[in-house]
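# how would this look folded up:
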Amino acid sequence: MNTKIAVEWRKGPIRGSVSTTAGIISAAIMRGSGKSEGACFSTDGSQARLEVTVQAEDGKDLRSILVKIDTPERPFSFFLRDVSKAYPIYIPAYGVAVTQAHDNRTYEQIELDVKAMNLVTELQRIENEPEETFANAAAHTRKLASQTWLGLSRDIRIFGVGFRGVGGEERLWDWVQPRFHGFEAKLPENEDKPVCYRYMLGRGVGCVEGVSRRLEDGSLPILHASIQDNDVVYDTVSFVSYESSPLNADTLRGTHYLAADGFGHFHMLTEEQTALRERILPQEMNREEETVLYFRAVATNKARVPRYAWFKNVVPNAFVLNDDKQYEFDGDNGFVSYSEDRVCCVSKLGGRPLGTEETAVLLPPGESVTFEFYLPHRPISKERAEGLSRQSFEDRWAECRAFWQEKLSRAASIKLPEPRIEEMIKAGLLHLDLVSYGLEPGGTIVPTIGVYTAIGSESSPIIQFMESMGWNGVAERALQFFLDKQHEDGLMQNYGGYMLETGAALWSLGEHYRYTRDEDWILNVKDHLLKAFDYLAKWRDRNKTEELRGKGYGMLEGKTADPEDPFRSFMLNGYAYMGMSRLAEMLRNVDPDSSARVEAEAQALKEDIRQALFAAMGSSPVVPLADGSWVPTVPPWVEHRGPLSVNGEGGKWLTHGSVAARDSLLGPLYLVFQEVVRPDEAAAEFMLNYHHELMCTRNVALSQPYYSIHPWVHLKRGEVKPFLKAYYNGFAGLADRETYTFWEHFWHASPHKTHEEGWFLMQTRWMLYMEDGEERLNLLPGIPSQWLEDGNVIELDGIATYFGAVSLRVESNLEQGAITAKVVCHSDRKPNTVSIRLPHPEGATPTTIIGGSYSASRQAVVIDQFDWKSEITLKFDRR
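Numbers count the residues shown, from 1 in each chain. The predicted structure follows:
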């Protein structure tokens, strides 16, 4: 069976050939000057038409054949099944179109016909829409409620808290569950299975949810919830403190990082690390006092007649029938216990010991009654329970509040016109800190990610946001985790067989140097860094073989995420390049010779990646966009042709709830972020376009969306509207809208996922400020224009940048026709150039610019030869 197609060029290539994955090819020049022989052809460079005949092998389905037009410049491939006269393969970036042979149109005629449809790409459509807002995003995305994690910071003895089933796993009642980080706490009384403590406020679960939740001050790890049960409202407060010691920076001990590491899912320890952990674990698990979940509910009658308030006391592992028999309740002291010296809860009503497990209190109109329980992380003796019962809820609440406020006081201050974002910044920083475990006041910290242990890749946004907020000391301690656990051969590997950690960790170490310029620290860790480099260099050497020429020569192979894909992936190699590049930078002053050696290897790897990328692009099928054009694609690794999700070569690629996960979340677009491909290159635009249309909804990737790096690429390209589309829809659909806790996936998998939250925070950081090279700082490059409506103020105080601490204050006084800004650099490492984007909310152009030059395309004032501080005024015509 034969199939004939035509390739039309606006300006033909000089020479080339045609190949297929199956069948016999013949080609003939039908328009323009040139010649052909078999599958080869040449032209004089003018307009050309090449007709190609594909003769299929017996029994071979023509539709599965991939055809490649191989030319020295701009080679491309396509599925034979995709060739159509009605929808020709029109590639304007290459000036070429492919159609059926009986279609006699020239390239120009095809182009005119496509453009006559007046279509736009999905990204162009976003550019034509109003800027995205949270309200609009929230109206179109999932609303995911999550359990809330409460704890002390550094200490793995934390608690999950939820109401009326929030948190999944059939948690029917209101509930509290002690956790050792990623694992629920187990008790011998429960056959060494996890224990969950359930209680009930009000009459029970009905057709109205009636629950609202909020963090104290919008950001502190102190949970407020309100449950409305008709006329009775139950206002609750939950937080964690110590059993007897005061809670402050001096009393905080924390947990040894190796002990904590082992309580993260999929952790990896060497034999030596395992032996050390086993030695320290008894001490870490048997502490003099427990952490305690302090809970208060105030029931208030809002009716004009008396109403009952109902309370069901804490029950271990109760579920539907409320028939758990493992515990005893003592009404004389309000204790719930497994035995006399195993008290698991202390309960009060109206300030006195709770007398009965189920209580109904008749409240006059406007009156209230208070129910409290104090729940230690693990059962304590009766004597200690008596001491716990004497604790003052108010005093503990005040000290817990002060403890977290003190942490925030040591971070940069960010004040924004959008309270939700401002709160999420502060809440997010504390969420990261809550599950970063280690011994205080100094020493190594394990920067965990939700229920999992640390990963060189997924922990990077966590550490780097801490850096951005001025917590460089905490970040350095978190980075030390990867150095402390480094293998003798230089490999850094802490999670589930992932092979990309070494390069990713080197990148984060390099980012720390950019923030601190601490060369004494570099000298202290240099041996670790060079050992990591040697590991990567030897790994490369194993792949510098002739049979890999054009197929991933010099590229590393290995697993990058959960799927067992041991290929030469672009993401893996991009992290290796970026890690090497940062290492060369770190060593430039302290060890120039080693720096030069590392830099040379880094650049060689970059060139190998680029060659593989463009070879893969030429061999991968083009795909259609919404404007009628087609663009080239790239596979996630060199061993494949095209996106896995289009199933060009078969296979089963569905994973983690999406067929596009490998292409999108682990795909070649990372190379832009990893500094292998420039943001302004055509390849970056190709990847952005097909990624958006094949792999996104509302410009948000599917499944685990914060693995996708495209929002950063949009910002780097100055594409604010697409960035804001991704930004708002991303967190509107994945984060708890009341408590700001992030899930890992849209299907309620993995709560308190700080990797996702870390990337959200870094997106926010980039929206507010982003460095460009070694001499330029861009301020407010991605903010919504509505933030500059009249009367609004943006204030960044002490934010950490590559150029040291910076402060910025912007005031909009558009009623008087002005926007003013003042920027100050508090370091001698000031940037040479500062750009401040100040978008007018109605798109107006300023009539007067004071303090710099104005870029209308970027809506930004550029200050050249920046001298530590500057004041800018934009004046507009008043309307």
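# So this structure: which segments form each domain?
Under the assignment automatic domain parsing, the domains of the chain span 2-118, 155-244+289-391, 249-286+418-485, 497-619, 622-765, 777-875.
# Is it possible to get TSV of those domains that adds mean pLDDT?
Listed next are the domains of the chain as TSV, based on pLDDT from 0 to 100:
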stretch	mean pLDDT
domain 2-118	93
domain 155-244+289-391	94
domain 249-286+418-485	97
domain 497-619	97
domain 622-765	96
domain 777-875	97
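# which one of these lies closest to residue 136?
In terms of C-beta to C-beta, the element of the domains of the chain nearest to residue 136 is domain 622-765, at 7.5 Å. All C-beta spots, glycine's among them, are computed from the backbone N, C-alpha and C.
# end to end, how far does the closest one reach?
Distance between the two ends of domain 622-765: 35 Å, counting by C-alpha to C-alpha, to the nearest Å.
# Centre of the chain to it, how far?
The chain centre lies 11 Å from the centre of domain 622-765; the measure is C-alpha atoms, centre = their mean, to the nearest Å.
# when you give positions from now on, start the count at 7
Right, with 7 as the first residue, what we last looked at is domain 628-771.
# what's the helix or strand encompassing residue 532 packed up against?
Secondary structure assignment for residue 532, by DSSP states H and E: helix 525-548. In terms of contacts (3 or more C-beta pairs under 8 Å, 6 or more residues apart in numbering; DSSP states H and E), helix 525-548 is packed against helix 478-490, helix 507-522, helix 576-593, helix 598-625.
# what's the angle between it and helix 478-490?
For helix 525-548 and helix 478-490, the angle between their directions (axes from the mean of the first three to the mean of the last three C-alpha atoms, to 10 degrees) works out to 40 degrees.
# Which positions within helix 525-548 qualify as buried?
Applying a neighbour-count criterion of 16 or more other C-beta atoms under 10 Å, one finds 527-528, 531-532, 534-539, 541-543, 545-546 buried in helix 525-548.
# again, but for stretch 134-151
Within stretch 134-151, the residues that qualify as buried are 137, 138, 140, 142, 143, 144, 147, 150, 151, counting by 16+ other C-beta under 10 Å.
# Over to stretch 393-402?
Residues 394, 395, 397, 399, 402 are the ones in stretch 393-402 that count as buried (16+ other C-beta under 10 Å).
# biggest separation within those residues, which pair?
Maximum pairwise distance among those (C-beta to C-beta): 12.5 Å, between 395 and 402.
# does the closest residue to residue 123 other than its chain neighbours sit in a helix, a strand or a coil?
Ranked by C-beta to C-beta, 6 or more residues apart in numbering and with sequence neighbours excluded, the top spatial neighbour of residue 123 is residue 634, at 5.8 Å. Residue 634 carries the three-state label coil when classified by DSSP: H, G, I helix; E, B strand; the rest coil.
# My guess is residue 634 contacts residue 118. True?
No: applying C-beta atoms under 8 Å as the test, residue 634 and residue 118 come out as separate, 11.4 Å apart.
# Now render the domains of the chain as a markdown table, adding distance to residue 411.
Rendered in a markdown table, the data for the domains of the chain read as follows (distance: least, C-beta to C-beta, whole Å):
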| stretch | distance to residue 411 |
| --- | --- |
| domain 8-124 | 54 |
| domain 161-250+295-397 | 7 |
| domain 255-292+424-491 | 10 |
| domain 503-625 | 24 |
| domain 628-771 | 17 |
| domain 783-881 | 16 |
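# quick one: which of those is nearest residue 416?
domain 255-292+424-491 (7.1 Å).
# The stretch 57-206 of the chain: helices as residue ranges?
Defined through DSSP state H, counting those that start in this stretch, the helices belonging to the stretch 57-206 of the chain, from first to last, are 113-121, 128-134, 140-146.
# could the ones you listed be laid out in CSV, adding distance to residue 482?
Putting those into CSV (distance: least, C-beta to C-beta, whole Å) gives the following:
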stretch, distance to residue 482
helix 113-121, 55
helix 128-134, 39
helix 140-146, 34
